[in-house]
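# show me the folded form of this:
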Amino acid sequence: MECLVPNDTQREGLPLIHGANVSRFFNGKEVIVAVQGLSFGIHEGRITAIIGESGSGKSTMLKLIYGLLEPDHGEIRYRGWRVPNPREKLIPGHDAMRMVSQGFDDLNTYANVWDNVASQLPNTDLEAKFSNTERVLDRLRIAHLKKQRIADLSGGEKQRVAIARALVNEPEVLLMDEPFNQVDAAFRETLQADIRTIVADTGLTVVLVSHDPAEVLSMSDELIVLRSGQLAAMGKPAWLYNHPPNAYTARLLAKSNILNAEEALLLGLESTTEVAVHPEWIALHEHPGAAFEVLAVRFKGFYEELSVGNGSLQVNVISSNPGRYPVGSKVNVSVSTYQTLPD
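Numbers count the residues shown, from 1 in each chain. Model prediction:
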């Protein structure tokens, strides 16, 4: 068995979690490539989000980081030490990490909130067990639920209990797989803010999987974008949003309009390669003789998503003035900025 101890070069200059050329395949009637050739870094005390389309390898990557799956090629290291695989541990999963899964599988449905959280702590020091459980219930704003059964809670409340259960023994890394799927929109931002506060107060490192661009853009410090099991982009959310390195990232994060050189020219943009034009980078101006027409309007509350076309080209536009451009309106289209994409 390979030694898990890092050498000096592995210790220095690396992120908290470091993956090098990681691949994982699943064998059935045919070989399925889950992730392939992934090299990445996750920094301490930050929130890193892994985003991609369904089947892009997000959950597989999370399980590889935690040590629930073994890479077929490459390796993942934590503080320079190789993450042990399931064959090397009686109970798989890195000791410094905890994972919160989508289905609340770890929760005891018919036990109350207090017992679910406190059960993660030993009985050797009952005073510490009591105080630590109280502290984490307060942090997650669920102390008032401590006597309620898990079966009687809402999805959002269960998610808070699952996170409290993972945090009660103070791990260094919290891994979360689609953590806000079952949280009502009204409470999602509050839970996200609470997690950010915990990160700021404790130095916790969070790695979360999501398919929701709005979620990861507002919450994460770093983004890892996966496409078909491969790394499509990695960097700061604002940078990747405003300077997407490829069409996939632009569509995923911004629902961007991807135009070839000929289509771009119809909007007055000169480029020899594809360009990305985010819907909010387009402005409309009503004019009875304009070539473009509003084809569809989708009401979104304080803004609208419009489909605008001229027969040869159709683009999506965000209007911050609901009702201003009804279907059939003739409009001129102007682009304030755009991003050229590599060949």
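
# give the buried residues for the top helix by length along the chain.
Among the elements of type helix in the chain, defined by DSSP state H, the one spanning the most residues is helix 185-202. Burial within helix 185-202, assessed by neighbour count using 16 or more other C-beta atoms under 10 Å, is assigned to 187-188, 191-192, 195-196, 198-199. For glycine as for every other residue, the C-beta is placed from the backbone atoms N, C-alpha and C.

# and these as TSV, adding pLDDT and distance to residue 166?
Listed next are the buried residues of helix 185-202 as TSV, based on pLDDT from 0 to 100; distance: C-beta to C-beta, whole Å:
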residue	pLDDT	distance to residue 166
187	81	19
188	86	18
191	90	14
192	91	16
195	94	11
196	94	16
198	94	11
199	95	14
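
# which among these gets closest to residue 136?
residue 198 (9.4 Å; C-beta to C-beta).

# okay, now the residue lying closest to that closest one once chain neighbours are set aside: neighbour count?
Nearest-residue entry for residue 198: residue 204, 5.8 Å, with adjacent residues in sequence omitted and distances by C-beta to C-beta, 6 or more residues apart in numbering. Residues within reach of residue 204, counting by other C-beta atoms under 10 Å, total 19.

# in what helix or strand does the residue of the chain positioned farthest from its centre lie?
Distance from the centre of the chain peaks at residue 289, with 44.3 Å (C-alpha atoms, centre = their mean). Assessed by DSSP states H and E, residue 289 sits outside every helix and strand.

# list the contacts of it.
residue 330 (C-beta atoms under 8 Å, 6 or more residues apart in numbering).

# give me phi/psi at it?
Main-chain torsions, residue 289, degrees, to the nearest 10: phi -100, psi 10.

# name the element residue 134 belongs to?
With DSSP H and E as the test, residue 134 turns up in helix 126-139.

# how close does the closest residue in space to residue 172 that isn't next to it in sequence get to residue 136?
Beyond its immediate neighbours in the sequence, the residue positioned closest to residue 172 (C-beta to C-beta, 6+ apart) is residue 96, lying 4.4 Å away. Using C-beta to C-beta, to the nearest Å, we find residue 96 at a distance of 17 Å from residue 136.

# the helices in this structure, which residues?
According to DSSP H, the helices that the chain contains are 8-11, 58-66, 113-118, 126-139, 155-167, 185-202, 213-219, 237-242, 247-254, 261-266.

# now do the strands in the stretch 1-150 of the chain.
With DSSP state E, counting those that start in this stretch, the ranges of strands along the stretch 1-150 of the chain come out as 17-27, 31-42, 47-52, 73-78, 81-82, 97-100.

# can I get the first one as CSV, trimmed to CA atoms?
I take that to be strand 17-27. Coordinates of each C-alpha in strand 17-27 appear next as CSV, following Å, rounded to 0.1, in the frame of the first residue of the first chain:
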residue,chain,number,x,y,z
ILE,A,17,-7.1,20.0,-1.1
HIS,A,18,-5.2,19.2,-4.2
GLY,A,19,-6.2,16.9,-7.1
ALA,A,20,-3.8,15.8,-9.8
ASN,A,21,-5.0,14.2,-13.0
VAL,A,22,-7.9,12.4,-11.3
SER,A,23,-10.0,10.0,-13.3
ARG,A,24,-12.8,7.7,-12.2
PHE,A,25,-14.7,5.2,-14.4
PHE,A,26,-17.7,3.0,-13.6
ASN,A,27,-17.9,-0.4,-15.3
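
# next one: that strand to chain centre, how far?
Per C-alpha atoms, centre = their mean, to the nearest Å, the displacement of strand 17-27 from the mean C-alpha position of its chain is 19 Å.

# before we move on, what about the third one?
Mean-position distance between strand 47-52 and its chain equals 3 Å (C-alpha atoms, centre = their mean).

# also the second one?
Here the centre of mass of C-alpha atoms in strand 31-42, compared against the chain's by C-alpha atoms, centre = their mean, lies 16 Å away.

# tell me the mean pLDDT for that strand?
Throughout strand 31-42, pLDDT has a mean value of 93.

# now do the buried residues in it.
Of the residues in strand 31-42, those with enough neighbours to count as buried (16+ other C-beta under 10 Å) are 33-36, 38, 40, 42.

# could you list the low-pLDDT ranges of the stretch 1-150 of the chain?
Along the stretch 1-150 of the chain, segments meeting pLDDT under 70 span 1-13, 29.

# quick one, what contacts the residue nearest to residue 198?
Counting by C-beta under 8 Å, 6+ apart, residue 204 has contacts 45, 167, 171-174, 198.
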